[in-house]
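J.: Requesting a structural model of the entry that follows:
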Amino acid sequence: MSTGWVFWRLTLGLILGIALAWALRRKSEGGEFLSSGKNRARYMPFFPYWLLPLFLLLELLLTLLFPALEGQDILLGILFQVFLQLAVYDGVLLLLLPLLRRWIRPETCVALWLLPNYLYLAQQSSFQPSRPLLVLPVPGWVMPIICLIWLAGFVGVLGWKILSHLRFRRRILKGARPVTQPEDARLWEELRQRAGLARKRWPLLVSPQVSSPLSIGLFASTIQVVLPERNYTREELDLILRHELIHIGRGDSSAKFFLAFCSALCWFNPLVWAAMGRGAEELELSCDQEVLAWAGEEKGEEYARLLLRTAGEQAGFTTCLSASAASLRYRLRQVLHPVERGLHSGVAGLAIFALILTGGLVSLGYGAGTVREVLSARDGREISGIEQIYRFHDSKNGSLCRPDSQQALLDYVENLELQTITGFVSYESGGEELWLECRLDGEDGFRLVVQDNLVHLYPVNRLYNPQSYQVAGGVDWAWLDSRLTPE
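T.: A predicted model of the protein is given here:
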């Protein structure tokens, strides 16, 4: 197997790791809290959160619109890689979470939880090995059942989360009204000006349906900040609005949608559910840190009291000042007893390097039948004869051969048990190979390549788009060589 993909993976992982470490450091040093609209790097989104969902949606649409390309196996391979990498990555992060929270700033922890957004990069064909290093076999009849169960769970979970968000939004906005106090409206306008977000007309509302300040809206054009019906001092309202502006500027509602999407994608995996919950907590912790970075330690007790007084529910893709009981205890401890921690942006760079490097190494293989059965199912034809045979021991050492019995050779090849490999599998010359130039019921132009433990089928008129399968049990090269004579 060629190692060219390793070089490209290493290069991509190194570039992304360095770029991410630099971006986090620049974000951390981007200026004081909302001090100037000219320097907003610190309060921009951590990532473009739609990359992985859009990539998977595009792959699904291509598979549905162009079934002749047989992209379903590629899509299955991509999904399996995402499942596997999310499970391992999130499991490691959950295991290391106590150490991460002790030594690393919350913004770096947030970046770590959101890094799987870049998993789509490792799924590009140019960065994939020519074939997986390990293929896990699955019975052929089981695969459709697994796919239907997963699809039902994914649609159900994601649909439920979106529906919950829309119902919660409709409930809290019912009866909501704009803030009428001139001082509060003036403060909101002033803070948006200082944040460089004055052009965004996000309404500031009061609703009897909420008990804690929150911002709701998945897209920038739909965001609204909602306050409960209670009186706040100017200092309290200043802290609340700054907290929500940080969430809005960083696009944390979209980040929560990405976490929900990962939960739906791996709905069967409790590790991913737990990890996504921790990721949402880190978004709030990092926001607390940014507020306190501006307010100073003397404001810590006031901010802690504000957190206690604003306990309330949140649902959907909202960012809320309140928190669950367990998360609130941790947030209060961090507010009242802050610990100096390093940025350690190199940890995030190393994490994305590992994610990029490990993609595509393991895939699934499910039963496809024998070569004869595969050809019959695909084209409704059988191999009627062999015109030429080439035997290669490496890419430069090959010879034209003749069999002692063409029928015996055909019987052996046609009865090879094949497994469909999900993901990307490309033909790569070199090593042990057998080329059979065949006829399908009198039609010319069919090539069958036996290579190590793979079989590549080049259907008629599709010579440059082979279908690749793994040979269950391997190929008996000694037997084949005993039946072939070089010409």
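J.: the strands in the stretch 1-150 of the chain, which residues?
T.: 134-138 (DSSP state E, counting those that start in this stretch).
J.: Neighbours of the closest residue to residue 388 other than its chain neighbours, how many?
T.: Leaving out its chain neighbours, the residue that sits closest to residue 388 by CB to CB, 6 or more residues apart in numbering is residue 437, at 4.2 Å. In this view, the C-beta of every residue, glycine as well, is placed from N, C-alpha and C. Residues lying near residue 437 (other CB atoms under 10 Å) number 16.
J.: what helix or strand does residue 437 sit in?
T.: strand 433-440 (DSSP states H and E).
J.: Quick one: mean pLDDT over that strand.
T.: Per-residue pLDDT over strand 433-440 has a mean of 86.
J.: packing partners for it?
T.: For strand 433-440, the elements it packs on are strand 383-392, strand 443-451, judged by 3 or more CB pairs under 8 Å, 6 or more residues apart in numbering; DSSP states H and E.
J.: what's the closest of those strands to residue 63?
T.: Closest to residue 63 of the helices and strands packed on strand 433-440, according to CB to CB: strand 443-451, at 25.4 Å.
J.: After the closest one, which helix or strand is next? Please name it.
T.: That would be, after strand 443-451 and using DSSP H and E, strand 454-458.
J.: Relative to that next one, what are the paired strands and their orientations?
T.: According to DSSP bridges, strand 454-458 forms sheet pairs with strand 443-451 (antiparallel), strand 467-471 (antiparallel).
J.: hey, least reliable of those strands by pLDDT?
T.: Between the strands paired with strand 454-458, the one with the least mean pLDDT is strand 443-451; it has a mean of 77.
J.: Would you map out the domains in this protein?
T.: For the chain, automatic domain parsing gives the domain ranges 4-159+249-308+325-358, 365-486.
J.: need the ones you listed in a markdown table with distance to residue 189, can you?
T.: A markdown table is the format used below for these (distance: least, CB to CB, whole Å):
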| stretch | distance to residue 189 |
| --- | --- |
| domain 4-159+249-308+325-358 | 13 |
| domain 365-486 | 53 |
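J.: These: which one's closest to residue 199?
T.: Closest to residue 199 of the domains of the chain is domain 4-159+249-308+325-358 (CB to CB; 10.1 Å).
J.: Figure out how far the closest one is from the centre of its chain.
T.: 8 Å (CA atoms, centre = their mean, to the nearest Å).
J.: Give me the average confidence score over that domain.
T.: Mean per-residue pLDDT for domain 4-159+249-308+325-358: 81.
J.: Also stretch 401-411?
T.: Computed over stretch 401-411, the average pLDDT equals 90.
J.: list the buried ones in it?
T.: 401, 403, 409-410 (16 or more other CB atoms under 10 Å).
J.: Export that stretch to CSV, keeping only CA atoms.
T.: Extracted in CSV, the C-alpha atoms of stretch 401-411 (Å, rounded to 0.1, in the frame of the first residue of the first chain):
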residue,chain,number,x,y,z
CYS,A,401,0.2,-16.0,-19.2
ARG,A,402,-2.0,-18.9,-20.4
PRO,A,403,-3.9,-21.2,-18.0
ASP,A,404,-3.6,-25.0,-18.1
SER,A,405,-7.4,-24.9,-17.8
GLN,A,406,-9.4,-21.8,-18.5
GLN,A,407,-12.5,-23.3,-16.9
ALA,A,408,-10.7,-24.2,-13.7
LEU,A,409,-9.3,-20.6,-13.5
LEU,A,410,-12.8,-19.2,-14.1
ASP,A,411,-14.4,-21.4,-11.5
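J.: that older thread, closest one to residue 458 among the helices and strands packed on strand 433-440?
T.: strand 443-451 (4.2 Å).
J.: with the buried residues of stretch 401-411 in mind, which one is nearest to residue 260?
T.: Nearest member of the buried residues of stretch 401-411 to residue 260, counting by CB to CB, is residue 410, at 54.0 Å.
J.: returning to what we had before: next step: the buried residues of stretch 401-411 restricted to strands.
T.: 401, 403 (DSSP state E).
J.: Just to check, residue 275 is in contact with residue 95?
T.: No: the criterion here is CB atoms under 8 Å, and residue 275 misses it with residue 95 at 10.7 Å.
J.: related to what we said a few turns ago, out of the strands paired with strand 454-458, which is the most enclosed?
T.: Comparing those by mean neighbour count (mean count of other CB atoms under 10 Å), strand 467-471 ranks first with a mean of 20.
J.: Outside of that one itself, which residues are in contact with it?
T.: Applying CB atoms under 8 Å, 6 or more residues apart in numbering, the contact partners of strand 467-471 are 70, 131, 135, 365, 368, 374, 378, 416-421, 425-427, 450, 453-457, 459.
J.: That one: how far from the chain's middle?
T.: Distance of strand 467-471 from the chain centroid (CA atoms, centre = their mean) equals 27 Å.
J.: Just the buried residues of the helix or strand just after it, please?
T.: Following strand 467-471 in sequence order, the next helix or strand is helix 477-483 (DSSP H and E). Buried positions in helix 477-483, judged by neighbour count with 16+ other CB under 10 Å: residue 480.
J.: Show me what helix 477-483 is packed up against.
T.: Here helix 477-483 touches helix 406-414, going by 3+ CB pairs under 8 Å, 6+ apart.
J.: May I see the buried residues of the helix or strand hosting residue 237?
T.: Take DSSP H and E as the rule and residue 237 turns out to sit in helix 234-250. Going by neighbour count (16+ other CB under 10 Å), the buried part of helix 234-250 is 236-250.
J.: ok, these vs residue 319, which is closest?
T.: Of these, the one sitting nearest to residue 319 (CB to CB) turns out to be residue 247, at 3.7 Å.
J.: want to throw the helices and strands packed on strand 433-440 into TSV with distance to residue 269?
T.: As requested, the helices and strands packed on strand 433-440 are arranged in TSV below (distance: least, CB to CB, whole Å):
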stretch	distance to residue 269
strand 383-392	43
strand 443-451	35
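J.: Pull out the C-alpha coordinates of stretch 106-121 and format them as CSV.
T.: Only the C-alpha atoms of stretch 106-121 are listed here, as CSV (Å, rounded to 0.1, in the frame of the first residue of the first chain):
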residue,chain,number,x,y,z
PRO,A,106,-12.3,27.3,29.2
GLU,A,107,-11.9,28.7,25.7
THR,A,108,-9.3,26.0,24.9
CYS,A,109,-11.7,23.4,26.3
VAL,A,110,-14.5,24.8,24.2
ALA,A,111,-12.3,24.5,21.1
LEU,A,112,-11.5,20.8,22.0
TRP,A,113,-15.2,19.9,22.3
LEU,A,114,-16.0,21.5,18.9
LEU,A,115,-13.0,20.2,17.0
PRO,A,116,-14.9,17.2,15.5
ASN,A,117,-16.5,19.9,13.2
TYR,A,118,-13.3,19.4,11.1
LEU,A,119,-13.7,15.6,10.7
TYR,A,120,-15.0,16.2,7.2
LEU,A,121,-11.5,17.1,6.1
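J.: Many thanks, I have nothing further to ask.
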